[in-house]
Structures are given as structure tokens and as C-alpha cells.
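Trainee: Got a predicted model here, sequence first, then my questions.
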Amino acid sequence: MDIFDAKNIKPMLIANMKEPFDSPDWIYELKWDGIRCIMYLDDKETEIRNKRNKTLNTHVPELLRLHTKVKEKCILDGELIVYKSGAPDFYEIQRRVMTTNAAKIAINSKMYPATFVAYDILYLKGKEITDLPLTERKRLLAENTAFEDSQFAISKYFPSQGNILYQMAVTQKLEGVVAKKSDSKYYFDKRTKDWIKFKVMEDEDFVVCGYIIKDNHMTSLVLGQYNKEMQLIFKGHITLGVSLNQLLAYPIHILERPPFDILPSGNVNAIWLAPRLVCVVQYMANDKGIRRQPVFKGFRNDIRPKDCREIQ
């Protein structure tokens, strides 16, 4: 079946973090702090889907005319972001896509309207074009764009100079940089060394397995990840940035016992939850694999709990 009609694309993935470098064989672009999306655009409508192929149209009604901003029927890969205080805000876009209340969505779409930043084109004029070199796809993306505005933009890229762009990301307190081989093809649902990231701050996904109310009215989340045998493993706690009200706004299911087979001490007062909710923890990494200054970044629903795996 034609990939536009099937609407079941799983996007190409970005490989693990590397140190910034310069190379004439690579291009560099900013890493946007938002939600990865595939956009299906034809002459009649816009269809927005996340990495799990969930339709997001009802969550971002302000973007449902994006098909008018391209010249030909196409499929785009990019990032759905919300700006707040002049920078992309991961919490705001995650809150938007996890909200089901139509009135709240309408209010948020006016207060913090979403933007789609396109960085690749996968299909054009009835043909899949993923075998073309990246720079050729970038050219076709630009040529097929009728105009850019506050709702729709093309990700700008910089040939050869990864270090300069990374330093700009550090200065502007942005998420980081993605480096891509200039001649790279697009591989659905695969992680290759053709695309890698330089992140100012690293982040990691965890399953929320419970929470603990502390004496000072702070809340800690109990974290877990799945190992290679697909057993849920205890991964500690996160407190900084956690809001109990934010957690309780999501559908949770309380358990009578921990969802772990082995649980270290220090969890006597935990309220255990079914492992259905995923959160992101941001931290500064070092060469010893230690997570320094961890902070809760937000909840997300674009990946499944069982996709939260231990880093080997």
C-alpha cells in the first residue's frame, strides 16, 4: 500500500550522544525540545501523528491548515513544539497532547500556540523519496514549501560546523544539536550512526512505578526501566521538579504491592502504581555514567512504558 494512504510510518531514530565535531561530510541542525511527529499533507487536509502513530489533530487544532503551506501532497518528518518565554517548552507541549478536555485545549492553543518544525520530507508527488540523499531531500522540502510562518517552519541546517552550532545551543540554553551525514538515506524505525546528537543536557525515559509523599510536602516519583529480559527494574527516585497535582491529573491505578520483583530499602511509604505512565528525567552526564543534577522534565505518552529500557 502507498505509505501516504497507510499512514503507519515509524520515524528514523537518532543514535546516542557524541562529543561535538566538525566535518565537511555532515550537516548540523538544532535539536528541538518537542514531540517528534509525522505530518501527512494533501490538498484537502492535515493529519498529524506521533511516534506511536496516535493522531494528534484534536490536540493542536491551530495546525489543521498546515496542508495549505505546501505546494504538493507530501509526508514530512519534524517536531511539534510550543514556545514559552522565547524558547521551546517541553512541558507545555506534553501537557497539550496529554489533555483530552476540549475547552482546555482551545484555551492552551491560544495562549501557547504550537509550531511544526519540518526537517525532512519522505514522500512527494505520489512517490516515496527516502532513498535520496539527505541534502537532496532538504532541497525538495524547501522547494515544496509555499511559505513559513509562526505555525510552520523548516529546520535550518549548517554544513560542516558542528562545534559553533553546539556552542550557540549552550549559550541559548537549547536542548542540543543533531548531526546528520549529508548523503544519508532515511530508514524507517531504525537507529543508525548516520544521525547522532550532541546534547547540552541528556534525558532519559522512565516508567513511573509509584510516589512518596515527604515530610516537607515534596513528592518523589519511584522510577523503573525494563532490562533485556523485560523485567521491570527499580531505578531510584526523582524529586526535583515533581508536582503531585501534575501526577494526579493523569489516570493512574494504585497497586497493593510494588511492581518490582526486587526492591531496595527506602520505599516503605511508597504508594505503588501500575506501570502505565512514562516520565522524562533530564540530567548532566559524565564519562562515568553518573546522572548529575537530575530534574523531572515531564510526562509523555508518545512512547510505551516497555520502551523504557536500561542503557547497556
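Mentor: Alright, I've got the coordinates.

Trainee: Show the pLDDT at the residue nearest the centre of the chain.
Mentor: Centroid-nearest residue in the chain: residue 35, 3.8 Å away (criterion: Cα atoms, centre = their mean). Looking at residue 35, its pLDDT is 94.

Trainee: The helix or strand hosting residue 198 pairs with which strands, parallel or anti?
Mentor: Per DSSP states H and E, residue 198 falls inside strand 191-199. For strand 191-199, the pairing partners within the sheet under DSSP bridges are strand 13-17 (parallel), strand 176-181 (antiparallel).

Trainee: Contacts for stretch 245-262, please.
Mentor: Stretch 245-262 is touched from outside by 98, 208-211, 219, 221, 224, 231-234, 267, 270-277, 299, with contacts defined as Cβ atoms under 8 Å, 6 or more residues apart in numbering. All C-beta spots, glycine's among them, are computed from the backbone N, C-alpha and C.

Trainee: Just the ones in helices from those, please.
Mentor: With DSSP state H as the criterion, helices contain none of the contacts of stretch 245-262.

Trainee: so residue 92, which of the three states?
Mentor: helix (DSSP: H, G, I helix; E, B strand; the rest coil).

Trainee: Which strand residues bridge the closest residue to it other than its chain neighbours?
Mentor: Excluding the flanking residues, the one nearest residue 92 by Cβ to Cβ, 6 or more residues apart in numbering is residue 82, at 4.2 Å. Beta bridges link residue 82 to residue 114 when assigned by DSSP bridges.

Trainee: hang on, residue 82 packs against residue 34?
Mentor: Yes - at 7.2 Å, residue 82 counts as touching residue 34 under the criterion of Cβ atoms under 8 Å.

Trainee: Quickly list what's touching both of the two.
Mentor: With Cβ under 8 Å, 6+ apart, residue 82 and residue 34 have common neighbours 88, 93.

Trainee: helices and strands around the lowest-mean-pLDDT helix or strand in the chain, which ones?
Mentor: Lowest on mean pLDDT, DSSP states H and E among the helices and strands of the chain sits strand 291-300, with a mean of 84. Applying 3 or more Cβ pairs under 8 Å, 6 or more residues apart in numbering; DSSP states H and E, one finds that strand 291-300 makes contact with helix 90-97, strand 202-213, strand 232-238, strand 271-285.

Trainee: rewinding a little: of the contacts of stretch 245-262, buried ones?
Mentor: Applying a neighbour-count criterion of 16 or more other Cβ atoms under 10 Å, the buried members of those are 98, 208-211, 219, 221, 224, 232-234, 267, 270, 272-277, 299.

Trainee: Tell me which of the strands paired with strand 191-199 sits nearest to residue 58.
Mentor: strand 13-17 (26.4 Å; Cβ to Cβ).

Trainee: chain center to that closest one: distance?
Mentor: Relative to its chain's centre, strand 13-17 lies at 12 Å (Cα atoms, centre = their mean, to the nearest Å).

Trainee: Stretch 240-258 now?
Mentor: On Cα atoms, centre = their mean, the centre of stretch 240-258 falls 21 Å from that of its chain.
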